[in-house]
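Q: got a sequence here, can you model it:
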Amino acid sequence: MDTVAQVVSTGERQICEYEREESGTLLAKEVRIVPYGSGEVLLVIRDVTQRKEMEEALKYTSYHDG
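A: Numbering: from 1, shown residues only. Model (predicted):
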């Protein structure tokens, strides 16, 4: 079952993350799928590239000396 069908059938929101290459740059996206009325969903897609880069930088710093 795909994610949208799951949200429609269960009524529970889902949050997915994926990466996509655009113009040679890897971008991280977050998709929130929420029920919206009867048999409908609302998708909110946002760019979380900077957040992911900061998480990786913090992870790296936590394992290496300053």
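
Q: and the most centrally placed residue in the chain, what are its bridge partners?
A: Residue closest to the average C-alpha location in the chain (Cα atoms, centre = their mean): Glu30, at 2.1 Å. Here Glu30 sits in beta bridges with Glu17, Arg46, as judged by DSSP bridges.

Q: where do the helices of this structure begin and end?
A: Listed in chain order, the helices of the chain (DSSP state H) span 3-10, 49-63.

Q: most packed of the ones you listed?
A: helix 3-10 (a mean of 14; mean count of other Cβ atoms under 10 Å). To be clear about C-beta, it is placed using only N, CA and C from the backbone, and glycine gets the same treatment.

Q: average model confidence for it?
A: Averaging pLDDT along helix 3-10 yields 92.

Q: need the CA coordinates for it. PDB is fine.
A: The C-alpha atoms that make up helix 3-10 are tabulated as PDB, following Å, rounded to 0.1, in the frame of the first residue of the first chain:
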ATOM      1  CA  THR A   3       1.700   6.100   1.800                       C
ATOM      2  CA  VAL A   4      -1.100   8.300   0.500                       C
ATOM      3  CA  ALA A   5      -3.500   5.300   0.500                       C
ATOM      4  CA  GLN A   6      -2.400   4.400   4.000                       C
ATOM      5  CA  VAL A   7      -3.200   7.900   5.200                       C
ATOM      6  CA  VAL A   8      -6.600   7.800   3.600                       C
ATOM      7  CA  SER A   9      -7.500   4.400   5.000                       C
ATOM      8  CA  THR A  10      -6.100   4.900   8.500                       C
END
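
Q: which among the helices of the chain is found nearest to Glu17?
A: Checking those against Glu17 by Cβ to Cβ gives helix 49-63 as the closest, at 8.3 Å.

Q: done for today, thanks.
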